[in-house]
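>>> After the sequence you'll find the predicted model.
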Amino acid sequence: AAKPKLWYFHGRGRMESIRWLLAAAGVEFEEEFLETREQYEKLQKDGRLLFGQVPLVEIDGMELTQTRAILSYLAAKYNLHGKDPKETVRIDMYADGTLELMLMVALAAFKPPEEKEESLALVLKKAKTRYFPVFEKILKDHGEDFLVGNKFSWADIQLLEAILTVEELDASVLSDFPLLKEFKTRISNIPTIKKFLQPGSQRKPPPDSHYVEVVRNVLQF
Ligand SMILES: CCCCC[C@H]1O[C@@H](O)C[C@@H]1SC[C@H](NC(=O)CC[C@H](N)C(=O)O)C(=O)NCC(=O)O
């Protein structure tokens, strides 16, 4: 079967969680990077963007947009969702929370310097006081290796992405969360994830000014 093809900017943004999920599932994917307004307008003109927006993922003969919908489809397809609706809703709850935190980081890149610093400080505060304590307690309460059903799921992938992203803001952020530290080591050593964390993988770097400029130019905002 054809490899999934991802259409987005050459940066993290809303697509990075999709890259993480595919990589963790051991699925090879291709990428088309939007660099010009013309590319974006052609996707729109060709009717490939449901609401005129990217991420766009071509997979299984479909053209999928809406990040959460894409992630849910991929989680189900690659057996990274729950075994029943009760497990799936917990995975969705945990993933939704970490996705919100990731989006805050992504959007901060587009703010003027002082606002950006403020936003990232708020991300760190929320990670330390809202999100990470919740996940530390979940791991403590059920004493299992994974967040849900003692089986590796999309929620674990999202949490690792969030931990590594927040550590880029403050390397000591896990000092009060011993179980999250162990979780990070455990999940990072899963072979497909270990490979994605090596240099040269399709994982994208933090946003830089060039990336912000390209996105602004393509989306004209
Ligand atoms: C670091 C880059 C992430 C920040 C920039 C991204 O976040 C968004 O604010 C913009 C981009 S992503 C690009 C943006 N896509 C979305 O907003 C998708 C939202 C959708 N609900 C989803 O979940 O996929 C876009 O196509 N906009 C065109 C426009 O709406 O007319």
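Yep, that arrived. Numbers count the residues shown, from 1 in each chain.

>>> Name the residues of the helix ranked longest in the chain that come out as buried.
Longest helix in the chain, counting residues (DSSP state H): helix 85-108. Residues of helix 85-108 classed as buried by neighbour count (16 or more other Cβ atoms under 10 Å): 87-88, 90-92, 94-95, 97-99, 101-102, 105-106, 108. Yep, even glycine has a C-beta here, placed from its N, CA and C like the rest.

>>> Between those residues, which sits nearest Val57?
Distance to Val57 across the buried residues of helix 85-108 (Cβ to Cβ) is lowest for Leu99, with 15.7 Å.

>>> Kindly provide the distance from the closest one to the ligand.
Distance of Leu99 to the ligand, given as Cβ to the nearest ligand atom, to the nearest Å: 9 Å.

>>> Adjust the sequence numbering to begin at 848 for everything that follows.
Will do, 848 is the new start, and the previous item becomes Leu946.

>>> isn't that residue right next to Glu1008, touching?
No: the criterion here is Cβ atoms under 8 Å, and Leu946 misses it with Glu1008 at 9.3 Å.

>>> quick one: common contacting residues for those two?
Ser864 (Cβ atoms under 8 Å, 6 or more residues apart in numbering).

>>> Ramachandran angles for the residue of the chain positioned farthest from its centre?
Centroid-distance maximum for the chain: Lys892 at 27.8 Å, with Cα atoms, centre = their mean. When read as degrees, to the nearest 10, the backbone of Lys892 gives phi -60, psi -40.

>>> Then the one 3 residues further on?
Arg895 has phi and psi values of phi -90, psi -10 when expressed as degrees, to the nearest 10.

>>> SS state for the spatially most central residue of the chain?
Central residue of the chain (Cα atoms, centre = their mean): Ser864, 2.0 Å from the mean position. For Ser864, the secondary structure call by DSSP: H, G, I helix; E, B strand; the rest coil comes out as helix.

>>> so it makes contact with Glu1008?
Yes: contact criterion Cβ under 8 Å: Ser864 and Glu1008 qualify, at 6.2 Å.
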